[in-house]
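Participant: Quick one, what's the 3D model for this:
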Amino acid sequence: MAILVLSFGCGPKNEEIQEENIEAPSTASIKDSITTVRQDAVETDDYQTPPVVLPLPQPVLAIIQDKYPNWEQPSLTEEAERRAENHEQGPFIVRGDFNGDGLQDCAVQVQAGNDLVILGFIQEEGNWQMHELRRDILFNSRGNLQSLYYLYNVDPGTELSAQNEQQQIETEHDAVAVGITGNTTVYAYENGNFSAYNFAD
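Facilitator: Numbering: from 1, shown residues only. Here you go, the predicted structure:
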């Protein structure tokens, strides 16, 4: 399967986000527990990793499985869990219309080995584009790898400031907030890519 990897600048001095146009592989190549997951997102008995199958669209699961074959749903630190309780969406998945086309997009955090990877998915006429928003090393708590991050949705009309600049914008569509103790980065989709912003003071 051919993978085209494109790297776009996110605007002047903004954080660069990786984008990948990926054609979802056939469901026959995906583990049984993913292709047959029930609507309540309960895993099947013959596959124990990940312990919980995230309730994502089938093409999105196929892309994740193809790019990160041994992915898992991460566990969160107690602090991340506590902070996530303040938001309706998250902490693992956020859904919204990130590009304003009326279709539901999503973002998700997954564990890939010792890394925590946060991904944004844009749906365009049945095809999905994957963007790697952030990658970090998982926190090791006495041998237990945990994510320090939690996701939540940012509503349209939220004021943001560009990183390392004085420029301010107002979100036109839903956006993805990636929170960690003491800091939150908002990823807004614009001009075919996600740009990283802070909340305006």
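
Participant: show me where pLDDT drops low in this structure?
Facilitator: For the chain, residues meeting the criterion pLDDT under 70 lie at 1-54, 201.

Participant: May I see the buried residues of the longest helix seen in it?
Facilitator: Using DSSP state H to define each element, the chain has its longest helix at helix 58-67. Residues of helix 58-67 classed as buried: 59-67 (neighbour count, 16 or more other C-beta atoms under 10 Å). No exception for glycine: its C-beta is placed from N, CA and C like everyone else's.

Participant: Now compare those residues and name the two farthest from each other.
Facilitator: The span of the buried residues of helix 58-67, defined through C-beta to C-beta, is set by P59 and K67 at 12.6 Å.

Participant: ok, back up a step: could you redo the buried residues of helix 58-67 as TSV and give each row distance to P74?
Facilitator: Below are these laid out as TSV (distance: C-beta to C-beta, whole Å):
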residue	distance to P74
P59	22
V60	17
L61	16
A62	20
I63	18
I64	13
Q65	16
D66	19
K67	16
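
Participant: Identify, from those, the entry nearest to V94.
Facilitator: Nearest to V94 among the buried residues of helix 58-67, with distances taken as C-beta to C-beta, is V60, at 12.6 Å.

Participant: Is the closest residue to the closest one other than its chain neighbours inside a helix or a strand, and which specific one?
Facilitator: Excluding the flanking residues, the one nearest V60 by C-beta to C-beta, 6 or more residues apart in numbering is F121, at 5.2 Å. Using DSSP states H and E, F121 sits within strand 115-124.

Participant: what helices or strands is that strand leaning on?
Facilitator: Applying 3 or more C-beta pairs under 8 Å, 6 or more residues apart in numbering; DSSP states H and E, one finds that strand 115-124 contacts helix 58-67, strand 105-112, strand 127-137, strand 183-190.

Participant: Extract the CA atoms of that strand and return them as PDB.
Facilitator: Provided in PDB are the C-alpha atoms of strand 115-124 (Å, rounded to 0.1, in the frame of the first residue of the first chain):
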ATOM      1  CA  ASP A 115       5.100   6.500  22.900                       C
ATOM      2  CA  LEU A 116       1.900   8.400  23.200                       C
ATOM      3  CA  VAL A 117       0.600   9.500  19.800                       C
ATOM      4  CA  ILE A 118      -2.300  12.000  19.300                       C
ATOM      5  CA  LEU A 119      -3.900  11.800  15.900                       C
ATOM      6  CA  GLY A 120      -6.400  13.900  14.100                       C
ATOM      7  CA  PHE A 121      -8.600  12.400  11.300                       C
ATOM      8  CA  ILE A 122     -10.400  14.500   8.700                       C
ATOM      9  CA  GLN A 123     -13.200  12.900   6.700                       C
ATOM     10  CA  GLU A 124     -13.700  14.000   3.100                       C
END
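
Participant: Quickly run through the sheet partners of it, with directions.
Facilitator: Neighbouring strands of strand 115-124 in its sheet, by DSSP bridges, are strand 105-112 (antiparallel), strand 127-137 (antiparallel).
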